[in-house]
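In: Pasting the sequence and the predicted coordinates here, then a few questions.
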Amino acid sequence: MDTQVTAYYLAWICIIHLSVFSFILFFKKDNKKANVTLAIFMLMLVAIHASHLLLLTDMVYKYYWLNNLCFLLLFLEGPVYFRYTTLMAGAVIDWKKYLWLHILPFLFPVWYILSFLFKDALEIKTYYQYAKHVQPLDATIVLAVVTIQAAVYWLWSVKILNQYNKRLKSKLYKSQLSLQWLTVLTIILLISALLVVPMLLFVIQSDISVLYIYMPVITMTIYLTLFYKSINFPGTEYEKRLIREQVRQRISRDMHDELGAGITKIALLSELARKNNEEDDLKLSEISGNAKRLSENLKEIIWDLNPESSLFSNMLSCIREYASDFLYDSGINYFIELPNQEPDFIVSYEAKRNLIMIIKESLNNILKHSGANQVNLRLEAVDGLFLLTIEDNGKGIGHSKGSQGNGLKNMAIRASQIGADFTYQSNNGGLSVRVKNINLS
């Protein structure tokens, strides 16, 4: 196949693939800023390959100004790629401090573009016929400058990425968030720009059109890897979430070790003192009771902070244990039905906290105000969401005190905080509370 025909089809392959990559990156929700920046970078490459098509199809004679604009895009590739690496690494750069680096190199493509104002149609046609096979001197100068500029940005990117990877070495999640792959790709870009391309230009200077075959293959290999790695990279938000979980785990351990032991000791000492001193029996009993309640509350707080409690299966165990313990000595018959075949997943902190508090509030109202002797608690999956139903056979809301009405208001507020729908139905046969469309993820 003719060299120019091969180059033509390779240009189209690059344009189609890079356009698809960009489209996917624009709509990826995770690590959005970095992915949008990478999408813009790839669209610049689309424009550059489109300029190759103009040259290969001789349309460049008519639309030479489009080809010239691509030289401006070349000078934006370095800054945009650098912006992408800083977003991936979570680095903050003062762009104003380096205005000279961003603006000064643009003098060369502007000079190149303005030079065409002094060429007539025949000179332009002759210029591009020559450019198909041999790189013109003015274009060589512009490409040399853009290569130096891009190399500066890529070296800067390598420095920032190395700092990021060094910081990550001591983290437990380093394997998930390592950017070593991006460091390697940036170094490959540097080698390609500073060594491979100049060598190719020297070797094939008699027919530069061969370069339009080699370069798409090289760049597509690099950018396909870049796209694949980037779209699967969890991003800095994932690291923040991991850090929050580690902080919660540390607080949980500290509270257990420091406060839990102290409160338990208070309870034991007050029990001992109550037995040995009958005069202070009432006060010591009150101290002992308060210490025990505080200890139980502290256990709940510790469990709530522990990242392991965010597992769906662990949350269900907590609900079953709490409801059983709360109703066990109450004289109320109870039935608890929870999902047992749902795949395990991480429950969001807000959803877990509010759902458990709704259950606690509801059971507390039943025990204090309903006069019921039967309670049914059911949590079930419905179309990917969850439905909580708590029913009793008590007096209903109309015959209970005002505090139960306040409890219903609190439950409605908690349901709204997690985007769920709260309803209740009251009659002489009891009260039915329903929380629908609960999104636990």
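Out: Noted; the coordinates are in hand. None of the values given here were measured: they were computed from a predicted structure. Numbers count the residues shown, from 1 in each chain.

In: Okay, now the unreliable bits of this protein?
Out: When residues are selected by pLDDT under 70, those of the chain lie in 1-2, 170-174, 197, 200-214, 235-309, 342, 398-405, 428.

In: how is it carved up into domains?
Out: Segmentation of the chain into domains, based on automatic domain parsing, reads 3-234, 236-308, 311-441.

In: Distance from the chain centre to the longest one, please.
Out: A distance of 26 Å separates the C-alpha centroid of domain 3-234 from that of its chain, computed with Cα atoms, centre = their mean, to the nearest Å.

In: Just the terminal-to-terminal distance for that domain.
Out: Here the two ends of domain 3-234 are set 41 Å apart, with distance taken as Cα to Cα, to the nearest Å.

In: how near is Asn439 to Tyr112?
Out: Here the distance between Asn439 and Tyr112 works out to 56 Å (Cβ to Cβ, to the nearest Å). For every residue, glycine as well, the C-beta is placed using N, CA and C.

In: who has more neighbours, those two?
Out: Neighbour totals were compared for Asn439 and Tyr112, and Tyr112 leads with 19 against 13 (other Cβ atoms under 10 Å).

In: My reading is that Lys229 lies in a helix. Confirm?
Out: Yes - according to DSSP: H, G, I helix; E, B strand; the rest coil, Lys229 belongs to a helix.

In: Make 4 the starting number, not 1.
Out: Understood, numbering begins at 4; the last thing we discussed is Lys232.

In: What's the local residue count around the nearest residue to it once chain neighbours are set aside?
Out: What sits nearest to Lys232 in space, not counting adjacent residues and going by Cβ to Cβ, 6 or more residues apart in numbering, is Trp184, at 5.1 Å. Per other Cβ under 10 Å, the neighbour tally for Trp184 reads 15.

In: show me what contacts the closest residue in space to Val148 that isn't next to it in sequence?
Out: Spatially, and ignoring its direct neighbours in sequence, Val148 is nearest to Phe111 (4.6 Å; Cβ to Cβ, 6+ apart). Contact criterion Cβ atoms under 8 Å, 6 or more residues apart in numbering gives Phe78, Ile144, Val145, Val148, Val149 as the residues in contact with Phe111.

In: so of those, which ones are in helices?
Out: Using DSSP state H, the members of the contacts of Phe111 that fall within helices are Phe78, Ile144, Val145, Val148, Val149.

In: Report the buried members of those.
Out: Among those, those classed as buried by neighbour count (16 or more other Cβ atoms under 10 Å) are Phe78, Val145, Val148, Val149.

In: Quickly find the element holding Pro219.
Out: Element membership of Pro219 [criterion: DSSP states H and E] is helix 214-234.

In: I meant to write Asn357 there.
Out: Using DSSP H and E, the element containing Asn357 is helix 352-368.

In: The following helix or strand past that helix versus helix 352-368: what angle between them?
Out: Next helix or strand after helix 352-368 toward the C-terminus (DSSP H and E): strand 377-385. Computed by axes from the mean of the first three to the mean of the last three Cα atoms, to 10 degrees, the angle separating strand 377-385 from helix 352-368 equals 160 degrees.

In: quick one: strands adjacent to strand 377-385?
Out: strand 336-340 (parallel), strand 388-395 (antiparallel) (DSSP bridges).

In: Mind checking what secondary structure Asp347 has?
Out: Under the three-state scheme (three-state DSSP), the conformation of Asp347 reads as coil.

In: Same question for Gly397.
Out: Using three-state DSSP as the criterion, the local structure at Gly397 reads coil.

In: What's the separation between the closest residue to it other than its chain neighbours and Ile339?
Out: Taking Cβ to Cβ, 6+ apart as the measure, Gly397 lies nearest to Ser373, with 2.8 Å between them; neighbours along the chain are not counted. Using Cβ to Cβ, one obtains 17 Å as the distance from Ser373 to Ile339.

In: likewise Gln377?
Out: 13 Å.

In: What of Ser195?
Out: Counting by Cβ to Cβ, the separation of Ser195 from Ile339 is 64 Å.

In: cool, Pro346 as well?
Out: In this structure, Pro346 and Ile339 are 21 Å apart, going by Cβ to Cβ.

In: So between the two, which is more surrounded?
Out: Applying other Cβ under 10 Å to Pro346 and Ile339 shows that Ile339 carries more neighbours, namely 16 against 6.
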